[in-house]
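S.K.: here you go, sequence then predicted model.
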Amino acid sequence: MVPSEWVGAVWDSHHPCRAGETAAQVYAAIGSRLCLAQVKDAARTGAGPDDWRLVPLGDGEVPVRDMLRLLIQGGYDGWLSVEWEKRWHPEIDEPEKALPQHLRLLRTWAAELTATGQPKRS
């Protein structure tokens, strides 16, 4: 709603998912103003909005592949950031283990999406 090219949005893959929004809904709302796409994955642990546990990319329920598909199809050429919240969630894997796994999977998904337009389900 701000008529300025200096105002943009960060898309965090997890938070809209927790609120019940689909990747398509988020992209429709902020895709044209996107400054940064941030990914992480999580699995539900209960019915509440905060009942999630962070997991390695691909092991959860956050539609990261759908997000990547929309970004690629929309011509997004900005940054993609991985958020790994070890400081706030000491029970999750060490970054030295998690981040290389995230990078490998993101590269795989991006290659699949670029080649076929659709991610393969793992």
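M.R.: Arrived safely.

S.K.: what about the longest strand seen in the chain, average pLDDT?
M.R.: Criterion DSSP state E: the longest strand present in the chain is strand 34-39. What strand 34-39 shows for mean pLDDT is 96.

S.K.: list the buried residues for that strand?
M.R.: By 16 or more other C-beta atoms under 10 Å, the buried positions in strand 34-39 come out as 34, 37-39. (Each C-beta comes from the backbone N, C-alpha and C, glycine too.)

S.K.: ditto for stretch 4-20
M.R.: Residues of stretch 4-20 classed as buried: 11-14, 16-18 (neighbour count, 16+ other C-beta under 10 Å).

S.K.: which residues touch the helix or strand hosting Ala111?
M.R.: If you go by DSSP states H and E, Ala111 is part of helix 95-116. When contacts are defined by C-beta atoms under 8 Å, 6 or more residues apart in numbering, helix 95-116 is touched by residues 39, 56-58, 64-65, 68-69, 72, 80, 82, 84, 86, 92, 118-120.

S.K.: start from the N-terminal end of the chain and give the helices.
M.R.: Ranges of helices within the chain are 14-18, 23-30, 64-73, 95-116, based on DSSP state H.

S.K.: how about these, which one is nearest Pro3?
M.R.: Between Pro3 and those, the shortest separation by C-beta to C-beta is 15.2 Å, and it involves helix 23-30.

S.K.: what about this structure, any weak spots by pLDDT?
M.R.: 117-122 (pLDDT under 70).

S.K.: need the outlier residue of it, farthest from its centre.
M.R.: Pro3 (26.5 Å; C-alpha atoms, centre = their mean).

S.K.: contacts only, for that residue.
M.R.: By C-beta under 8 Å, 6+ apart, Pro3 has no neighbours at all.
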